[in-house]
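**Q** Provided below are the primary sequence and the corresponding predicted coordinates.
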Amino acid sequence: MANAAAFSGAYVSNLGPSVEGFLLPAGDADGAFFWEGTAQGELRIQKCLSCGHLRHPPRPMCPRCRSVQRGFDVLSGRATVWSYVVPHPPLLAPYSDLAPYNVIVVSLDEDPNLRFVGNLVSGVEGALNEIDPESIRIGEPVKAVFKKFSRADGSEQTLPFWVRAS
Amino acid sequence: MSPAVGFRDATAIAGIAQTEFAKHLEPSEAELACQVIVAACADAGVDVSEVDALCSYTMEATEEVDIARNIGCGEITFFSQIGYGGGAGCGVVGHAAMAVATGQAEVAVAWRARKRGSGPRPWTNTSTQLHVPGQWTRPAGLLRPVDEIAMLTRRYMHDYGATREHLANVATAVRSHANMNPAALMYAKKMSREDYMAARWVSEPLCLFDNCLETDGALACVVVSAERARDLKHPPVYVHAFAQGLPPEHQTMVNFYNDDPLIGPAWACARRLWANADFGPEDVSVAQIYDAFTPLILLSLEGYGFCKRGEAGPFTDDGNLEWGKGSLPVNTSGGGLSEAYVHGFNLINEGVKQMRGTSTAQVESAETCLVTSGEGVPTSALLLRR
Ligand SMILES: [Zn+2]
């Protein structure tokens, strides 16, 4: 189901990292609907309201039909691992404290050319480094979970993470 | 007939210069830039006051106005900057050549001065890099260029069976060339396959020796018409063809969001380059391939048509990229991996040296040289010939 465009229109500035020091998105008007969705536990993907093409990352114009009429679909959050890396220092804190950890790219089930960068964790409270990287397999099924972070100013931001789907 | 036929061999690189390469140089980037441009003009045998075109990278710290009033230029009638970091280099020289070929200028200078050795690592700046596309990648801890390229590399290895042995082929071949070049930072440091395999991880599957150096240094070259070049000090090194490439739905460095992320800008750039040339990959004597990371050489070998898709790993076997041994000697000065990392400009000057016959790893009777800029970002390439 395509929701009508629900853009705040406001440019969301870089409000700073989480209280733990993790980088949080410095959103823009184009991506605002996505982060509004994660706060509600939804994985929203931008949809062209003229031709139906799904696209990510969000942007003003559909590259297929050049329409600027845009909304989003709420997707299942089911995906497969497309690739992964295991970063080692030098890194920024607090990532360096967790290294080596995993970063994965997933392909969404609804369209494998829609991909997201995230982390494979054991559960919504799981750390970036608790899955043995040796156990990660390209092609393994995963699904989205949503974790809320707080900033020092009290504002909140919810990010998608990925857990193994059986 | 290709419309580019009027450009083909119409200009030549007549002068080159480089500063010392080091982890730390005292002079500012502006001072290094001015010194190296003046030296390139001297190498060409043209007076600095004749320079009327200035071309560089958007990431260059010193703007044209500052260069011009320092080095004592007359009237500048063409200036341009190209974006996308390491993708820019060959494009900068290409724009200089186009300016001369189309009569916008007569003596064009292209340059890059960078204190990447002693300056900050760009990825440590968290205030500027969290917008598009960083908001989709950096919170997950995909922080550095090496992490972004490692992601593509893992998938490439999975799809085509490439291994760390192939990456080691690249790293050791390029290092062996640096060991022949006294100007290279790694001139005195040998690297064996065992050294490569024992190196610490930076971002698995990439280790320390899959990464370029961090260098202070500057380079420049001077482009004039082919006719003018024939009257100057050195034999002309002709700019045979030039191309830039930005493929559909590409995202710089984090090219994960289209149908085929492993087909990068090199493919688009190569199609235009070969279409505009009167020779093909099989006629290339020596190649200087952008090497901020070893896997970029594998991807570029495929993109520029030296082997089929997925076959770059085996293409590097049996020393095939090594001077005196292989069918395609690559990065004969030591490249970004082992000579200096100055956003790929040292690859351009090394291409000129090969065509002059003055490389420290000179390929015998080399007639043609491919030089490429960064794969994984909007890119560019040059075909040089003597
Ligand atoms: Zn559309």
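**A** On my side now, so go ahead. Numbering: from 1, shown residues only, chains lettered A, B, ... in the order given.
**Q** Quick one: name the residues of the stretch 201-350 of chain B near chain A.
**A** Residues of the stretch 201-350 of chain B that fall close to chain A, judged by CB under 8 Å from any CB of the partner chain: B:201-205, B:248-249, B:251, B:254, B:256-259, B:261. To be clear about C-beta, it is placed using only N, CA and C from the backbone, and glycine gets the same treatment.
**Q** So for the helix or strand encompassing B:L299, mean pLDDT?
**A** Here B:L299 is covered by helix B:294-303, with elements defined by DSSP states H and E. For helix B:294-303, mean pLDDT is 98.
**Q** For the residues of the stretch 201-350 of chain B next to chain A, which single residue is the most surrounded?
**A** The most crowded member of these, judged by other CB atoms under 10 Å in any protein chain shown, is B:S203 (29 neighbours).
**Q** Quick one: residues contacting the spatially closest residue to that one that is not a sequence neighbour.
**A** Nearest residue to B:S203, sequence neighbours excluded (CB to CB, 6 or more residues apart in numbering or on different chains): B:A150, at 4.1 Å. Applying CB atoms under 8 Å, 6 or more residues apart in numbering or on different chains to B:A150 gives the contacts A:V85, B:S203, B:E204, B:P205, B:L206, B:F293.
**Q** if I look at B:L370, how far off is B:N211?
**A** Distance, B:L370 to B:N211, using CB to CB, to the nearest Å: 23 Å.
**Q** if you count what's nearby, which of the two comes out ahead?
**A** Using other CB under 10 Å as the criterion, B:L370 and B:N211 rank with B:L370 on top: 30 against 23.
**Q** Show me the strands in chain A, by range?
**A** Remark: strands assigned in chain A by DSSP state E are A:2-3, A:43-48, A:54-55, A:70-75, A:78-87, A:103-108, A:111-118, A:141-150, A:156-164.
**Q** Need those in JSON lines (columns: mean pLDDT).
**A** Listed next are the strands of chain A as JSON lines, based on pLDDT from 0 to 100:
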{"stretch": "strand A:2-3", "mean pLDDT": "39"}
{"stretch": "strand A:43-48", "mean pLDDT": "98"}
{"stretch": "strand A:54-55", "mean pLDDT": "96"}
{"stretch": "strand A:70-75", "mean pLDDT": "98"}
{"stretch": "strand A:78-87", "mean pLDDT": "98"}
{"stretch": "strand A:103-108", "mean pLDDT": "98"}
{"stretch": "strand A:111-118", "mean pLDDT": "96"}
{"stretch": "strand A:141-150", "mean pLDDT": "97"}
{"stretch": "strand A:156-164", "mean pLDDT": "96"}
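**Q** A:T158 pairs with what?
**A** A:T158 has the following beta-bridge partners by DSSP bridges: A:K148.
**Q** any low-confidence regions in chain B?
**A** Low-confidence segments of chain B (pLDDT under 70): B:1-3, B:127-132.
**Q** quick one, strands of it?
**A** Applying DSSP E to chain B gives strands spanning B:11-18, B:53-57, B:78-82, B:108-115, B:201-204, B:206-207, B:216-225, B:237-245, B:286-288, B:368-372, B:379-385.
**Q** elements contacting the fifth one?
**A** For strand B:201-204, the contact count by 3 or more CB pairs under 8 Å, 6 or more residues apart in numbering or on different chains; DSSP states H and E identifies strand A:78-87, helix B:145-160 as packing neighbours.
**Q** And the ones you listed: which comes nearest B:C90?
**A** helix B:145-160 (19.1 Å; CB to CB).
**Q** got the buried residues for that closest one?
**A** By 16 or more other CB atoms under 10 Å in any protein chain shown, the buried positions in helix B:145-160 come out as B:145-158, B:160.
**Q** cool, stretch B:52-72 as well?
**A** Within stretch B:52-72, the residues that count as buried by 16+ other CB under 10 Å are B:52-57, B:59-62, B:64, B:67-68, B:70-71.
**Q** Quick check: of those residues, which lies closest to B:T124?
**A** Nearest to B:T124 among the buried residues of stretch B:52-72, counting by CB to CB, is B:M59 at 15.8 Å.
**Q** Make sure that closest one is actually in contact with B:G85.
**A** Yes: with contacts counted by CB atoms under 8 Å, B:M59 reaches B:G85, the gap being 5.6 Å.
**Q** and the gap between the residue nearest to the spatial centre of chain B and the ion?
**A** Centroid check for chain B by CA atoms, centre = their mean gives B:G344 as the closest residue, at 3.1 Å. Distance check for B:G344 against the ion: by CB to the ion, to the nearest Å, it reads 37 Å.
**Q** How about the contacts made by that residue?
**A** Listed by CB under 8 Å, 6+ apart, the contact partners of B:G344 are B:G86, B:G89, B:C90, B:Y290, B:A292, B:G336, B:S373, B:G374.
**Q** Just give me the closest of those to the ion.
**A** B:G374 (31.1 Å; CB to the ion).
**Q** number of nearby residues for B:R385?
**A** Residue neighbour count, defined by other CB under 10 Å, stands at 23 for B:R385.
**Q** From chain A, how far off is it?
**A** Distance, B:R385 to chain A, using CB to the nearest CB, to the nearest Å: 38 Å.
**Q** Centroid-nearest residue for chain A?
**A** Most central in chain A (CA atoms, centre = their mean) works out to A:P160, at 4.7 Å.
**Q** mind checking pLDDT for A:A4?
**A** Looking at A:A4, its pLDDT stands at 36.
**Q** which helix of chain A spans the most residues?
**A** Looking across chain A with DSSP state H, the single longest helix is helix A:32-38.
**Q** returning to that earlier point: format the helices and strands packed on strand B:201-204 as JSON lines; extra columns: distance to B:L328.
**A** Converted to JSON lines, the helices and strands packed on strand B:201-204 look like this (distance: least, CB to CB, whole Å):
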{"stretch": "strand A:78-87", "distance to B:L328": "28"}
{"stretch": "helix B:145-160", "distance to B:L328": "19"}
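**Q** Next, the contact list for the residue nearest to B:M191 when sequence neighbours are not counted, please.
**A** Closest residue to B:M191 apart from its sequence neighbours, by CB to CB, 6+ apart: B:R175 at 4.2 Å. B:R175 is in contact with B:M186, B:K189, B:K190, B:M191, B:F209, B:G334, B:L337, B:S338, counting by CB under 8 Å, 6+ apart.
**Q** Quick check: the gap between the third one and chain A.
**A** Between B:K190 and chain A the distance, using CB to the nearest CB, works out to 24 Å.
**Q** The residue lying closest to that residue once chain neighbours are set aside - how many residues pack around it?
**A** Using CB to CB, 6+ apart and skipping the chain neighbours, the partner closest in space to B:K190 is B:N179 (6.1 Å). Number of residues near B:N179 (other CB under 10 Å) recorded here: 19.
**Q** what's A:I136 sitting at in phi/psi?
**A** A:I136 adopts backbone torsions of phi -80, psi 140, taken as degrees, to the nearest 10.
**Q** again, but for the one 3 residues further on
**A** With angles defined as degrees, to the nearest 10, A:G139 shows backbone torsions of phi 100, psi -10.
**Q** which ones are touching it?
**A** A:T80, A:V81.
**Q** I'd say the residue nearest to B:K190 and B:A173 touch.
**A** No: using CB under 8 Å, B:N179 is not in contact with B:A173, being 10.9 Å away.
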